[in-house]
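>>> Here is my input, please return the structure:
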Amino acid sequence: MSDDEYVYDEDSGEWVSAADLAEKTKLASQVEVRDAVGNLLADGDQVTLIKDLEVKGAGQTLKRGTLIKSIRLTGDAQEIDCRYDGIKGLVLRAEFVKKR
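Model prediction:
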């Protein structure tokens with residue numbers, strides 16, 4: 001589609017440019033991930049744990065205040081993927097972290 005094409009947007013009931021509709025659709029498909037206090041999280045952010053968490057399968061407990069560097073969003077509104085020394089494939093719930 002070129003920029004001068006217009007398409008009917010059923011949500012708004014208006015004719016909009018194809019480029020604007022594509023951008024709107026792209027933004028709507030992105031999942032917002034928020035930490036325990038409501039801050040918006042993004043790939044690469046640093047977070048701190050707000051409570052002690054027992055890591056299943058690792059036999060280890062991550063203590064409150066532990067810094068987790070360079071998180072990755074998973075596409076789920078409540079899960080973030082991260083790395084921590086000695087634990088592979090660590091996935092944390094966003095409700096237990098705070099953006100640094």
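
>>> Would you double-check that Thr25 falls in a helix?
Yes - counting by DSSP: H, G, I helix; E, B strand; the rest coil, Thr25 is part of a helix.

>>> pull the helix or strand with minimum mean pLDDT from this structure.
The helix or strand of the chain with the poorest confidence is helix 18-29; it has a mean of 80 (mean pLDDT, DSSP states H and E).

>>> Would you mind listing the buried residues in that helix?
Judged by neighbour count (16 or more other Cβ atoms under 10 Å), helix 18-29 contains these buried residues: Leu21. Every C-beta, even on glycine, is put in place using the N, C-alpha and C of the backbone.

>>> now do stretch 32-43
33, 35-36, 39, 41.

>>> contact partners of it?
The contact list for stretch 32-43, computed with Cβ atoms under 8 Å, 6 or more residues apart in numbering, reads 47, 50, 71-73, 76-78, 80, 94-99.

>>> Contacts only, for Leu21.
By Cβ under 8 Å, 6+ apart, the residues touching Leu21 are 7, 9.

>>> let me redo that: Gly89
By Cβ under 8 Å, 6+ apart, Gly89 lies in contact with Asp81.

>>> That one should be in a helix, yeah?
No - read with three-state DSSP, Gly89 is strand and lies in no helix.

>>> Which among the contacts of stretch 32-43 count as buried?
Of the contacts of stretch 32-43, these count as buried by 16+ other Cβ under 10 Å: 47, 71, 73, 80, 94, 96-99.

>>> Dump these to TSV, plus secondary structure and pLDDT.
Below are the buried ones among the contacts of stretch 32-43 laid out as TSV (DSSP: H, G, I helix; E, B strand; the rest coil; pLDDT from 0 to 100):
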residue	secondary structure	pLDDT
Val47	strand	97
Ile71	coil	95
Leu73	strand	91
Ile80	strand	95
Ala94	helix	95
Phe96	helix	96
Val97	strand	97
Lys98	strand	97
Lys99	strand	96
